[in-house]
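Student: take a look and give me a structure for this.
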Amino acid sequence: QVQLVESGGGLVQPGASLRLSCAGSGRTFSRNVMGWFRQAPGKEREFVSAIGWSGGSTLYADSVKGRFTISRDNAKNTVYLQMNSLKPGDTAVYYCAAGGILGMSRNFYDYWGQGTQVTVSS
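Tutor: Just a heads-up that it's a prediction; the model follows:
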């Protein structure tokens with residue numbers, strides 16, 4: 001069982017940066033693939049980024065590639081999403097997820113956090 005708690009969301013202007021954190025509980029955290037998804041109002045939850053258990057493999061959605069960076073610190077049971085050059089289109093609730101397969105499908109992830117709101121607006 002893995003419990004996840006996101007933090008770091010907020011209201012920022014276009015072009016600004018934010019770093020999201022996801023703190024996990026449970027001794028198996030380091031064995032899990034970790035992912036970030038987001039859901040904007042009226043839209044499906046979509047994949048943003050994922051990282052393998054060792055941090056050596058990462059995936060990004062095309063819409064965030066070059067702007068967002070995922071990382072993890074297994075000693076702290078925490079995964080991060082550094083978001084730069086934010087755009088209004090990045091506005092969404094961001095969810096952290098843990099699973100066993102590195103991929104973009106929500107079906108690969110078994111545990112989910114409650115989400116943190118990111119709003120990009122001038």
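Student: phi and psi next, for residue 86.
Tutor: The phi and psi values for residue 86, taken as degrees, to the nearest 10, are phi -60, psi 150.
Student: how much space between it and residue 15?
Tutor: Taking C-beta to C-beta, to the nearest Å as the measure, residue 86 and residue 15 are separated by 7 Å. No exception for glycine: its C-beta is placed from N, CA and C like everyone else's.
Student: give me the more crowded residue out of the two.
Tutor: Taking other C-beta atoms under 10 Å, residue 86 and residue 15 do not tie; residue 86 has more neighbours (22 against 11).
Student: contacts only, for the nearest residue to that one once chain neighbours are set aside.
Tutor: Residue nearest to residue 86 in three dimensions, not counting chain neighbours: residue 120, with 4.5 Å by C-beta to C-beta, 6 or more residues apart in numbering. By C-beta atoms under 8 Å, 6 or more residues apart in numbering, residue 120 lies in contact with 12-14, 16, 86-91.
Student: same question, residue 26
Tutor: Residue 26 neighbours (C-beta under 8 Å, 6+ apart): 1-3, 77.
Student: and the most centrally placed residue in the chain, which of the three is it?
Tutor: For the chain, the residue nearest the mean C-alpha position is residue 36 (2.5 Å; C-alpha atoms, centre = their mean). Classification of residue 36 by DSSP: H, G, I helix; E, B strand; the rest coil places it in strand.
Student: no further queries at this time; thank you.
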